[in-house]
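>>> Take this sequence and fold it.
(one chain, ligands or ions: 2)
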Amino acid sequence: MTDSPAPMVAVIVVAAGSGSRLGHSEPKAFVPLAGRTLLERALLGVFGMREPAQVIVVAPADRLDAARAIADSAAGPFDDRVDVVAGGASRQDSVNRGLAVVRPGVLTVLVHDAARALTPSALCDAVVDAVRATGNGVVPGLAVVDTIKRVDGHGAILGTVDRSALSAVQTPQGFPRDVLVAAAAAATGESTDDAAMVASAGYPVNVIEGDALAFKITTPWDLRRAESLLRAGSALAGSPAAASIPAGENARATITPDPRVGTGLDVHAFDDASPLWLAGLHWPGERGLSGHSDGDAAVHAICDAMLAAAGLGDIGGIFGTSDPVYAEAHGEVFLRETVRRITDAGFRVGNVSVQIIGNRPKLAPRRAEAQALLGSLLGTSVSVTATTTDALGFTGRGEGIAALATAILFPVTAERPVLSWEA
Ligand code: CTP
Ligand code: MG
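Numbers count the residues shown, from 1 in each chain. Ligands and ions are numbered 1, 2, ... in the order given. Here you go, the predicted model:
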């Protein structure tokens, strides 16, 4: 429990549907997706928002305890901001039941489908910002890429719809609280989204750029797509293939010719005047880190680990702390140059692991994104983890962030054995 100030934003996460098109024995929000339920994954995105929000989970009436347990685990110390209520027969009923428990003081309400389980926190932040900036309803949407035909009931094509005038809309959809309440009270028929209900009550609704990761998991194919996206972002840790290796085989598989291991540690102090760049990502709204470059401690620790493994010295010796070429430089510049140097020295990267030590930012909602980005820059698997230090030391006092990385390199001349799980 925390004594945080009363939230000004509420997010209603609708999770009361059965998921008939997914065809699973569990209701859709409780179906596992790479080791966590869809609901937990959706909530991790919501709890990663910049601004503390009231989070209202609308769950099937017979699953309230399970929903509460999942929500509390995703909320961590912020469980005092969570409410769980029973849903209704239609999505709109479920939204209305969530709306009934929005706390006093909330001015902006977002409605979000738990089924859009991979939605990035930054999209939720962008919707809140746009509602505040315009005073209108705001929905994220993506341009339609397919050619769309109008057809009759027998499959005959009647015409082509001008796709430049179309947007495929997603959630979270955000509204000024009084607008959503008034529109819900005035609604007569059922709408498939909140924007339609608000627009039919006569209020303006704008579209902002959506995010491909906010796709809705509707069918088994969508679930497989979400699983493979998550797996691509964390190819090593917890992969089903690795988990199935018998113990004896595993021991044999770890014997490799002449691998080189290196470690790297980097520390940067918080600097309120800078934007935060960490693990290659920009973190809008978070306190930045001081440094000659962008202060990305995670990337610098990775470079140090790779250079150390190759016996090439350290990042300070190679990049220079005052070289104007690297002023404000982002992680990509350091990583590419480090890879170039270790390649020239006759090595390739096996894998890299980096642990971020600090209170903020909350990594979990963007872990897959960070791993995918760093992995693509290094051409290998990168694990990104985070921990706090139980309020001890400079990281515990919130003075800065540390990062500790390990890299394993292989000499390119040596033949790497085929590992048992790759055979
Ligand atoms: N939803 C809800 N209450 C309902 C119906 C739907 O809270 N009575 C929620 C779902 O849990 C989901 C979101 O609305 O997070 C979007 O709905 P959809 O993807 O259609 O989910 P389901 O209705 O569960 O799936 P299906 O239509 O395949 O049965
Ligand atoms: Mg439905």
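>>> Count the residues that sit near the residue nearest to K362 when sequence neighbours are not counted.
Computed as C-beta to C-beta, 6 or more residues apart in numbering, the closest residue to K362 that is not its neighbour in sequence is G48, at 5.4 Å. Every C-beta, even on glycine, is put in place using the N, C-alpha and C of the backbone. Other residues near G48 come to 22 when the count uses other C-beta atoms under 10 Å.
>>> Low-confidence ranges, the stretch 1-150 of the chain, go.
1-4 (pLDDT under 70).
>>> Please enumerate the helices of it.
Taking DSSP state H, counting those that start in this stretch as the test, the helices found in the stretch 1-150 of the chain are 38-47, 64-75, 91-99, 121-134.
>>> do the first one and ligand 1 meet?
No. Residues of helix 38-47 contacting ligand 1 under C-beta under 6 Å from any ligand atom: none, with a closest distance of 7.9 Å.
>>> any idea of the angle that helix forms with helix 121-134?
On the basis of axes from the mean of the first three to the mean of the last three C-alpha atoms, to 10 degrees, helix 38-47 is oriented at 50 degrees to helix 121-134.
>>> So what's the gap between helix 38-47 and the chain middle?
9 Å (C-alpha atoms, centre = their mean, to the nearest Å).
>>> The helix or strand hosting A386 packs against which elements?
Assigned by DSSP states H and E, A386 belongs to strand 381-387. Applying 3 or more C-beta pairs under 8 Å, 6 or more residues apart in numbering; DSSP states H and E, one finds that strand 381-387 contacts strand 347-357, helix 367-378.
>>> Show me which residues of it are buried.
Using 16 or more other C-beta atoms under 10 Å as the test for burial, strand 381-387 gives 381-384, 386.
>>> Same question for stretch 202-220.
Quick answer for stretch 202-220 (16+ other C-beta under 10 Å): 203, 205, 207-208, 210-211, 213-215, 217.
>>> Strands - which of those land there?
The strands, defined by DSSP state E, take in 205, 207-208 from the buried residues of stretch 202-220.
>>> all helices for the stretch 201-350 of the chain, in order.
220-233, 240-243, 247-253, 297-310, 315-319, 331-344.
>>> Deepest in the core, which of those is it.
For the helices of the stretch 201-350 of the chain, the largest average neighbour count (mean count of other C-beta atoms under 10 Å) is found in helix 297-310, namely a mean of 27.
>>> wait, E40 sits on A74?
Yes. Assessed by C-beta atoms under 8 Å, E40 is found in contact with A74 at 5.3 Å.
>>> Just want to know which of those two has more residues nearby.
A74 (26 against 21).
>>> residues in contact with that one?
Listed by C-beta atoms under 8 Å, 6 or more residues apart in numbering, the contact set of A74 reads 40, 43-44, 46-47.
>>> ok, the residues you listed vs V349, which is closest?
L44 (28.5 Å; C-beta to C-beta).
>>> what's the distance between that closest one and A74?
5 Å (C-beta to C-beta, to the nearest Å).
>>> repeat for R260
Following C-beta to C-beta, the distance that separates R260 from A74 is 39 Å.
>>> just to revisit the earlier point, and the buried residues of stretch 202-220 as CSV, adding pLDDT?
Below are the buried residues of stretch 202-220 laid out as CSV (pLDDT from 0 to 100):
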residue, pLDDT
Y203, 97
V205, 97
V207, 97
I208, 96
G210, 93
D211, 92
L213, 91
A214, 94
F215, 96
I217, 97
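>>> near ligand 1, which of those show up?
Of the buried residues of stretch 202-220, not one also sits near ligand 1 (C-beta under 6 Å from any ligand atom).
>>> Identify the spatial nearest neighbour of the one residue in the chain that gets nearest to ligand 1, chain neighbours not counted.
With C-beta to the nearest ligand atom, the shortest gap between the chain and ligand 1 falls at G17, namely 2.0 Å. Distance criterion C-beta to C-beta, 6+ apart; nearest residue to G17, sequence neighbours excluded, is K28 at 5.7 Å.
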